[in-house]
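Q: Just to be clear, the model below is a prediction. Sequence and coordinates:
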Amino acid sequence: MRKKIILSIIFLGLAIFVFAPANSSQATLLTCGGDKTEADCISAGGTVVTTGGCTSCSITETTCPSGMTKYANWTYYTRNSCGSVLHLCDSGNCGTVCIDTTTCTTSASNWINSASAPSCTYYVDNYSNDSLPKGSFCSSISNPCGYCVPSSSAYRVTCTDTPSAGCSTGSITCRYLKRLARTCASTISNVACIGSGATPVAATIQGKRVIMPDNILDSFPQTVSVSGGPSSAENPYSLSVLAGATYTVSISERIGYTVGYTLCIDNTSCHSLTPTPGNTATVVIPSGKLSNTTLHYADLWWHYTPNPTLDFSLSDGYSSATIIKGSSIVFTWTVANATACTASATPLTEEINWSGAQSYTNGTFFSQPIIPTTIGTNTYNLQCFNIFSIPTSDSNKNNNA
């Protein structure tokens, strides 16, 4: 009786679903100090500005909002103009006195580190009187204008006799026109604010993108991103973050590869371990510093492993054959990028001929003869996997009577 064995190869499709957990965004810290970020500044109604070579939050008030404090004495003063230009004269029995009033304008609007506003001096007119009692009758005072001080500013003088204890005493009143100095100050427009809490400590997320199995530096353009924070297409890469926080870091997938990662905190010794599958990693940076002079860091490598391939057939290259019961057939296969291959058969009576681990050395040609013993339809399977247990091909052989 002749038996027919049909060999067919089925390549299994692979679908990968990645769920990225939500993570709070990482905004840029105000570099002048404190615990507030640029996002905090904008939320408070402010604007991020550069003051003294660092960034602070410009608030349109004279004081900082709750949770913030003024950065040194940095203040934005608005230019101000004061006074008017007038030529004034007045005349009297002491002659004519003239003055000129002036204007001034403070320096240009700008940020300055000073509690005192920029100012300038201008002059205004000032009319005033003073009375000088004299122990003589007015009629005996020959030059009353000479009693005014300064006499150059007095344009009129009056003398009045005032009875006192049965006598009269002269009292001189001087009328002056003077020029009086005034100060014109710039107006406070904005103040520079920073967080009132302690400045968070910096940290780094760094690493490489490599091709497995030998961790060869990858030259394919890929971008590593921190959710809501910095990103980098460099390889190796380095991203600045803050200590004491949790970050979601991700990289895009690539056709023909399975991506995984190895993550070390404050060391670089973990990258020979089997990568964790996935293109998203949760990175927890410890608080504070690693030491007085060393910051915490995460060393995060992204490993791209080529998906395995399998070429499986009969020794004559066909996928089907007809044999006589008791005759043998030879399976041949070549596998690449695999770390394991497993054979199985149905019905179970055929697993005595074809089951368990099979050779998988990359690029090597293998052959395996078997003698089917079960009459009917027999199915033989070969499936190979990479380090992430991603399957490649599934080959089925059917033995038909």
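A: Arrived safely.

Q: alpha carbons only for contacts and neighbour counts from here, please
A: Will do.

Q: domain ranges for the protein?
A: With domains defined by automatic domain parsing, the chain comprises 2-14+309-400, 83-109+116-185, 202-306.

Q: Next, the distance between the ends of the second one.
A: Taking C-alpha to C-alpha, to the nearest Å, domain 83-109+116-185 runs 12 Å from one end to the other.

Q: hey, what's Y237 bridged with?
A: Y237 has the following beta-bridge partners by DSSP bridges: G207.

Q: Counting neighbours, what do you get for S81?
A: Neighbour count of S81, defined by other C-alpha atoms under 10 Å: 16.

Q: State the distance from the closest residue to it other than its chain neighbours to Y122.
A: Spatial nearest neighbour of S81, chain neighbours left out: T105 (4.2 Å); criterion: C-alpha to C-alpha, 6 or more residues apart in numbering. For T105, the distance to Y122 (C-alpha to C-alpha) stands at 9 Å.

Q: Helix, strand, or coil at S152?
A: Here S152 is recorded as helix under DSSP: H, G, I helix; E, B strand; the rest coil.

Q: Kindly report the same for the one 5 residues further on.
A: Following three-state DSSP, we place V157 in the strand state.

Q: could you list every residue that touches it?
A: By C-alpha atoms under 8 Å, 6 or more residues apart in numbering, the contact list for V157 reads 92-94, 144-145, 172-175.

Q: could you dump the residues you listed to JSON lines with pLDDT and distance to L290?
A: Below are these laid out as JSON lines (pLDDT from 0 to 100; distance: C-alpha to C-alpha, whole Å):
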{"residue": "G92", "pLDDT": "94", "distance to L290": "85"}
{"residue": "N93", "pLDDT": "93", "distance to L290": "88"}
{"residue": "C94", "pLDDT": "93", "distance to L290": "85"}
{"residue": "P144", "pLDDT": "86", "distance to L290": "87"}
{"residue": "C145", "pLDDT": "89", "distance to L290": "85"}
{"residue": "I172", "pLDDT": "86", "distance to L290": "85"}
{"residue": "T173", "pLDDT": "90", "distance to L290": "82"}
{"residue": "C174", "pLDDT": "92", "distance to L290": "80"}
{"residue": "R175", "pLDDT": "94", "distance to L290": "79"}
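
Q: which one of those residues sits closest to E61?
A: Among the contacts of V157, R175 lies closest to E61 (C-alpha to C-alpha), at 45.0 Å.

Q: all strands for the stretch 151-300 of the chain, in order.
A: Along the stretch 151-300 of the chain, counting by DSSP state E, counting those that start in this stretch, strands occupy 154-164, 167-185, 187-195, 202-207, 209-211, 216-217, 224-226, 231-232, 237-242, 245-251, 257-265, 276-277, 280-285, 297-306.

Q: who wins for proximity to S116 among those?
A: strand 167-185 (8.9 Å).

Q: per-residue confidence at G207?
A: Looking at G207, its pLDDT reads 97.

Q: State the number of residues packed around it.
A: Applying other C-alpha under 10 Å, we find 22 residues neighbouring G207.

Q: Make 265 the first number, not 1, from now on.
A: Understood, numbering begins at 265; the last thing we discussed is G471.

Q: Does S378 touch Y341 like I think?
A: No. Using C-alpha atoms under 8 Å, S378 is not in contact with Y341; the gap is 9.9 Å.

Q: Show me which of these two is the more surrounded one.
A: Per other C-alpha under 10 Å, whichever of S378 and Y341 has more neighbours is Y341, with 24 against 13.

Q: How much space separates that one from P636?
A: Y341 is 95 Å from P636, by C-alpha to C-alpha.

Q: Now distance to G459 too, for the domains of the chain, in CSV please.
A: Formatted as CSV, the domains of the chain follow (distance: least, C-alpha to C-alpha, whole Å):
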stretch, distance to G459
domain 266-278+573-664, 46
domain 347-373+380-449, 23
domain 466-570, 15
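
Q: who wins for proximity to T319 among those?
A: Here domain 466-570 is closest among the domains of the chain (C-alpha to C-alpha), at 16.0 Å.

Q: tally of neighbours for I458?
A: 30.

Q: Tell me what it is bridged to.
A: T333.

Q: how about it, what does it touch?
A: 294, 296-300, 320-321, 332-335.

Q: Is there a quick PyMOL command that grabs whichever of those residues are buried?
A: Buried subset of the contacts of I458, written as a PyMOL selection, criterion 16 or more other C-alpha atoms under 10 Å:
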select buried, resi 294+296+297+298+299+300+320+321+332+333+334+335
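
Q: quick one: which of the contacts of I458 is nearest D394?
A: Closest to D394, out of all of the contacts of I458 and judged by C-alpha to C-alpha, is K334, at 47.7 Å.
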